[in-house]
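> I would like the atomic coordinates for the input below:
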Amino acid sequence: MKDYLKKGINEIGLDISEDKIDKLMEYLKLLIEYNSHTNLTAIRDEEGIIEKHFIDSLLVMKYLGITEGKAIDIGTGAGFPGMVLAICNPSINFTLIDSVGKKINFLKQVIEKLQLKNVEAINTRAEEFINDKNRETYDIGLCRGVSKLNIILEYVIPFLKVDGRFLPQKMEGTNEEKDGENALKVLKSKIEKIYTEELPFAKDKRLIIDIRKFAKTDKKYPRANGVPAKKPL
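Below is the predicted model of the structure:
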């Protein structure tokens, strides 16, 4: 499986050191063990997890644009893309948040077992985690497949510094960028570019939307729990 991971990394044009690949393999082992008794991901075969979770997460790495700073992954689940990127970018500090306790408990075990110093996993919701200490302090926002763009923008953008970037990952053909136009305007952000990537073996297309925040966010955002989904901007 290690050779399969290395081949996939090479196919998407990344160069990742052997020690980081070893940590990814240890993470994979922990995930498979934990997933055998606690449902973290519907994908259970090793090749599927490597490509559809690990490699998919690494597609974002090309576009981070920073070598140090702070990143936040909202709705991280079992750590995608945040934990994968944290392992491969030890100089960037990652905050992984999810409202499902069992997933955060798993990530805390990964942090402890791999002795990761640059990542914290917090069982909370975005609208509960944001406060004066966390608001507008992150350089990068991440989110993979959680909610439509016009909803997730409201949760992520308030965490970003002015000139910070949000890099959501989407399936091809959703056209969510059009539905998100008003939310982008309200949250003083804009789409700079949309990158099209491809998984190396399945050949599934992925979009990475590069969104930059150009001015401070009104403190009324994000709105209370449930409101963004019921009444998207």
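
> can you give me the strands in this protein?
69-74, 92-98, 119-123, 138-144, 160-171, 189-198, 205-213 (DSSP state E).

> mind listing what's buried in the fifth one?
Spelled out, it's strand 160-171. Neighbour counts over strand 160-171 (16 or more other CB atoms under 10 Å) mark Leu160, Lys161, Gly164, Arg165, Phe166, Leu167, Pro168, Gln169, Lys170 as buried. From N, CA and C alone the C-beta is placed, and that goes for glycine too.

> how near is Ile43 to Ile21?
20 Å (CB to CB, to the nearest Å).

> likewise Leu142?
Relative to Ile21, Leu142 is positioned 21 Å away (CB to CB).

> which of those two has more residues huddled nearby?
A side-by-side neighbour count of Leu142 and Ile21, using other CB atoms under 10 Å, places Leu142 first with 28 against 16.

> apart from its neighbours in sequence, what residue is nearest Glu11?
Of all residues not flanking Glu11 in the chain, Pro200 sits nearest, at 3.5 Å (CB to CB, 6 or more residues apart in numbering).

> if we can go back for a sec, where is pLDDT lowest across the buried residues of strand 160-171?
Sorting those by pLDDT puts Lys170 at the bottom of the list (87).

> reformat the strands of the chain as a markdown table; add distance to Asn105.
Formatted as a markdown table, the entries for the strands of the chain read as follows, by distance: least, CB to CB, whole Å:
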| stretch | distance to Asn105 |
| --- | --- |
| strand 69-74 | 16 |
| strand 92-98 | 10 |
| strand 119-123 | 8 |
| strand 138-144 | 20 |
| strand 160-171 | 24 |
| strand 189-198 | 31 |
| strand 205-213 | 29 |
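
> which parts of stretch 79-99 are buried?
Residues of stretch 79-99 classed as buried under the neighbour-count rule (16+ other CB under 10 Å) are 79-90, 92-98.

> okay, and the helix or strand of this protein with the least pLDDT?
Lowest mean confidence among the helices and strands of the chain (mean pLDDT, DSSP states H and E): helix 176-179, at a mean of 83.

> which neighbouring elements make contact with that helix?
Using 3 or more CB pairs under 8 Å, 6 or more residues apart in numbering; DSSP states H and E as the contact test, the elements touching helix 176-179 are helix 149-156.

> swap the cut-off to 10 Å and go again
When contacts are defined as 3 or more CB pairs under 10 Å, 6 or more residues apart in numbering; DSSP states H and E, helix 176-179 sits against helix 149-156, strand 160-171, strand 205-213.

> ok, the closest residue to Asn182 other than its chain neighbours - contacts?
Spatially, and ignoring its direct neighbours in sequence, Asn182 is nearest to Leu233 (5.6 Å; CB to CB, 6+ apart). Contacts were defined as CB atoms under 10 Å, 6 or more residues apart in numbering; by that measure Leu233 touches 150-151, 153-154, 180-187, 221, 223.

> pLDDT-wise, what's the bottom of those?
Ranked by pLDDT, the contacts of Leu233 bottom out at Gly180 (89).

> got the contact list for that one?
By CB under 10 Å, 6+ apart, the residues touching Gly180 are 148-154, 168, 187, 189, 191, 209, 211, 232-233.
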